[in-house]
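Visitor: Prediction below, plus the sequence it came from.
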Amino acid sequence: MVGLNLSARRMTAVPKGLSDEEAFEALFTAEYARVVGIANRVLADPHEAEDVAQEIFIDFHRLHSATAEYAPAWLHRAAAHASLNRLRGARRRQKREFAQALEAEDKTLDPQKQAEVAEDRRRLRDALGRLAPKPAAVLVLRASGLSYAEVAQALGIGIGQIGTLLRRAEATLRKEVSRGTSN
């Protein structure tokens, strides 16, 4: 029940009676960190995640009113989908970023352990990129800290479906990760 109250409070974060610009600024302030967090959870690159978030807010501002009740849900869903689209379409860029991330990590860590962790993350991202959009979005949104109610609202489905959808998505992801390691 706490998740529902948090969700309801989040939906009314932008007060009525503000100008369009003030309402958008309030929405941006209230949701930017979470949108970046969702994108970063998928992309594992804070700069890329910020680019995705900025594009999403620009698109939202161009198409919708900041006072719309669905604004946070729309932004969360857009963050998940835009990030997954970038992940699917950026395999070469991801390899370059992977190489740079290894160099940037703490040098005191065991190089073998670094390589294993990096390889596990790469396999997980590859498997996530092979999932259908809805299961992938459920996993990303839930892993980003959204409650079942917030995930349901972001995807436009009933809250009662989230647990089942999440379990199925996790099972599919496990199979995809296993499939990726057997190739």
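Guide: It's in. Source: prediction; values computed, not measured. Numbering: from 1, shown residues only.
Visitor: Can you list the residue ranges for helices in the chain?
Guide: Per DSSP state H, the chain carries helices over the ranges 2-11, 20-43, 46-63, 71-89, 91-104, 111-130, 133-143, 148-155, 159-182.
Visitor: For this structure, which residues score under the pLDDT cut-off?
Guide: Within the chain, the segments meeting pLDDT under 70 span 1-15, 90-94, 102-109, 180-183.
Visitor: center of the protein - which residue?
Guide: Ile38 (2.8 Å; C-alpha atoms, centre = their mean).
Visitor: List the contacts of that one.
Guide: By C-beta atoms under 8 Å, 6 or more residues apart in numbering, the residues touching Ile38 are 76, 79-80, 83, 140-141, 144, 146. In this view, the C-beta of every residue, glycine as well, is placed from N, C-alpha and C.
Visitor: I figured Arg123 hits Ser178, correct?
Guide: No. Using C-beta atoms under 8 Å, Arg123 is not in contact with Ser178, being 9.5 Å away.
Visitor: Tell me which of these two has more neighbours.
Guide: Arg123 (16 against 11; other C-beta atoms under 10 Å).
Visitor: Might one say that Ala80 is in contact with Glu150?
Guide: No. Contact criterion C-beta under 8 Å: Ala80 and Glu150 do not qualify, at 11.6 Å.
Visitor: what sits in contact with each of the two?
Guide: With C-beta under 8 Å, 6+ apart, Ala80 and Glu150 have common neighbours Leu141.
Visitor: With neighbour numbers in mind, choose between the two.
Guide: Counted by other C-beta under 10 Å, Ala80 and Glu150 do not tie: Ala80 has more neighbours, with 29 against 25.
Visitor: Go ahead and confirm Leu128 touches Leu139.
Guide: Yes. The pair Leu128 / Leu139 is scored as a contact, 6.9 Å apart, by C-beta under 8 Å.
Visitor: overlap in contacts of the two?
Guide: Leu173.
Visitor: picking that back up, and the residue nearest to the centre of the chain, how far from Ala115?
Guide: Shown here: Ile38 relative to Ala115, a distance of 28 Å by C-beta to C-beta, to the nearest Å.
Visitor: excluding its backbone neighbours, what's nearest Ala71?
Guide: Closest residue in space to Ala71, ignoring its immediate chain neighbours: Leu27 at 5.6 Å, by C-beta to C-beta, 6 or more residues apart in numbering.
Visitor: Double-check that neighbour against Tyr70; I have them as touching.
Guide: No. Contact status for Leu27 versus Tyr70: not in contact, 11.5 Å apart, counting by C-beta under 8 Å.
Visitor: Between these two, which has more neighbouring residues?
Guide: Leu27 (24 against 14).
Visitor: Please report how far the residue nearest to Ala71 lies from Thr164.
Guide: For Leu27, the distance to Thr164 (C-beta to C-beta) stands at 31 Å.
Visitor: Phe98 too?
Guide: Taking C-beta to C-beta, one finds Phe98 at 33 Å from Thr164.
Visitor: Thank you, goodbye.
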